[in-house]
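1. turn this into a structure:
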Amino acid sequence: MKPRRQQLILDLISLDYHETVMAAAGHQAEQVLQETITKYDGKFICVVEGGIPTKDNGIYCKIGGKTVMSLLVEMAMDAAAVVAIGSCASWGGIPSSDPNPTGATSAHEVLTSKGVKTPVVNIPGCPPNPYNFLSTVLYYVTFKKLPELDDQARPKFAYGRIIHENCERRPHFDAGRFAVHFGDEGHRKGYCLFKIGCKGPETFNNCPTLLFNDIGSGAWPVGTGHPCFGCSEKGVGFTVPLHSPARPKYITPPSFFTDVFPGKEGVGAGTKALAAGVAGVAIGAAGAAMLSGLGKKDEDNKDKGE
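-> Next up, the predicted model:
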């Protein structure tokens with residue numbers, strides 16, 4: 001049985017300060033912050049949300065008369081760990097997009113530039129799944145250490161697999177069945193969304209398996225018929241145009257196998273899986289060749305002055 005919100009906040013963790021949900025305001029709220037830092041010195045988790053403005057000494061975002069940049073450094077130095085929740089805090093997100101007038105960047109980059117050694121855990125996503133965050137915090141509370149992280153400081157239990165591996169539409173990809181336009185026959189039949197810009201093949205997250213809001217199989221973008229736009233992947237979400245095809249980084253098999261050729265008598269399960277794998281690899285190779293060719297053509301045109 002999943003714990004209720006009040007159990008999480010009042011019994012399992014202690015949420016002492018949050019500037020938008022706490023009852024106190026103004027000087028009272030800031031006093032609570034300072035008391036919390038002093039009381040739990042080295043034993044609290046600092047959770048950061050949003051990109052951190054750094055231009056002009058960070059004056060573009062302030063709380064209680066202090067810049068968010070200075071507050072982050074101050075709190076992180078006394079924290080046991082820093083959790084950057086959301087893609088903005090993890091990578092810079094939308095605020096850091098060109099031309100980035102405020103110099104917004106990630107919590108990790110700010111702390112690194114200031115020489116703060118406190119470990120940072122990134123929980124990217126727009127929005128991130130709350131269970132990924134809660135699982136990270138409760139793991140620390142239970143085991144007194146952070147969960148295993150990948151090379152981008154993301155917990156492996158949540159970001160260890162590519163979305164494409166667990167996607168409910170993966171069998172259609174393997175069988176070569178794609179939606180080409182929104183609302184076409186393939187789209188209405190639930191075919192793979194790769195050709196209309198799905199970034200699942202280059203995005204690490206557990207969206208297809210954990211879902212959102214506890215409301216069933218439709219509780220994530222692909223489940224509603226919209227391509228994944230890679231919100232949790234650095235250099236993909238908010239960077240690559242939505243309609244652009246994904247750039248598959250890894251050719252991996254699906255984590256489960258289903259009947260990709262239904263109704264075909266005389267085709268064994270092993271043959272179906274093999275055929276699906278060959279189809280997927282062929283499509284992936286063709287897509288890579290197409291992208292490489294376009295890139296080469298662009299370079300050739302540059303050389304010719306076109």
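
2. tell me where the stretch 101-250 of the chain has strands.
-> 120-123 (DSSP state E, counting those that start in this stretch).

3. can you pull out the helices in it?
-> Along the stretch 101-250 of the chain, counting by DSSP state H, counting those that start in this stretch, helices occupy 107-113, 130-143, 156-159, 163-166, 170-174, 185-188, 207-210.

4. among those helices, which comes closest to D150?
-> Taking Cβ to Cβ, helix 156-159 is the member of the helices of the stretch 101-250 of the chain nearest to D150, at 5.4 Å. Placement of C-beta: from N, CA and C, glycine included.

5. which helices and strands sit right next to that closest one?
-> helix 130-143 (3 or more Cβ pairs under 8 Å, 6 or more residues apart in numbering; DSSP states H and E).

6. just the buried residues of the helix it packs on, please?
-> 130-140 (16 or more other Cβ atoms under 10 Å).

7. and which of the residues you listed is nearest C207?
-> Nearest member of these to C207, counting by Cβ to Cβ, is N132, at 9.9 Å.

8. what's the burial count for the closest residue to the closest one other than its chain neighbours?
-> Nearest residue to N132 in three dimensions, chain neighbours excluded: A158, at 4.2 Å (Cβ to Cβ, 6 or more residues apart in numbering). Neighbours of A158 under the rule other Cβ atoms under 10 Å: 26.

9. now swap in the one 10 residues further on and tell me
-> Residues lying near E168 (other Cβ under 10 Å) number 15.

10. I'd assumed C207 was in contact with it.
-> No. Assessed by Cβ atoms under 8 Å, E168 is found out of contact with C207, at 10.7 Å.

11. which neighbours do these two have in common?
-> V222 (Cβ atoms under 8 Å, 6 or more residues apart in numbering).

12. quick one, what contacts the residue nearest to N132?
-> 123, 129, 132, 135-136, 205-206, 210.

13. got the residues you listed as CSV, with pLDDT and distance to K199 columns?
-> Formatted as CSV, the contacts of A158 follow (pLDDT from 0 to 100; distance: Cβ to Cβ, whole Å):
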residue, pLDDT, distance to K199
I123, 97, 18
N129, 92, 17
N132, 94, 18
S135, 91, 24
T136, 94, 24
N205, 95, 10
N206, 94, 15
L210, 89, 18
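
14. E19: which of these is nearest?
-> I123 (19.1 Å).

15. list the contacts for that closest one?
-> 83-86, 90, 132-133, 136, 154-155, 158.

16. let's see 6 Å
-> 85, 132-133 (Cβ atoms under 6 Å, 6 or more residues apart in numbering).

17. tell me the bridge partners for it.
-> Note on I123: beta-bridge partners by DSSP bridges are I85.

18. was I right about Y60 contacting N100?
-> No. Y60 is beyond contact range of N100, at 11.0 Å (criterion: Cβ atoms under 6 Å).

19. mind checking how far the residue nearest the centre of the chain is from N132?
-> Centroid-nearest residue in the chain, with Cα atoms, centre = their mean: S232, separated by 2.0 Å. In this view, S232 and N132 are 9 Å apart by Cβ to Cβ, to the nearest Å.

20. okay, now G42: neighbour count?
-> 10.

21. tell me how far it lies from F143.
-> 17 Å.

22. repeat for A29
-> 31 Å.

23. try K43
-> For K43, the distance to F143 equals 15 Å [Cβ to Cβ].
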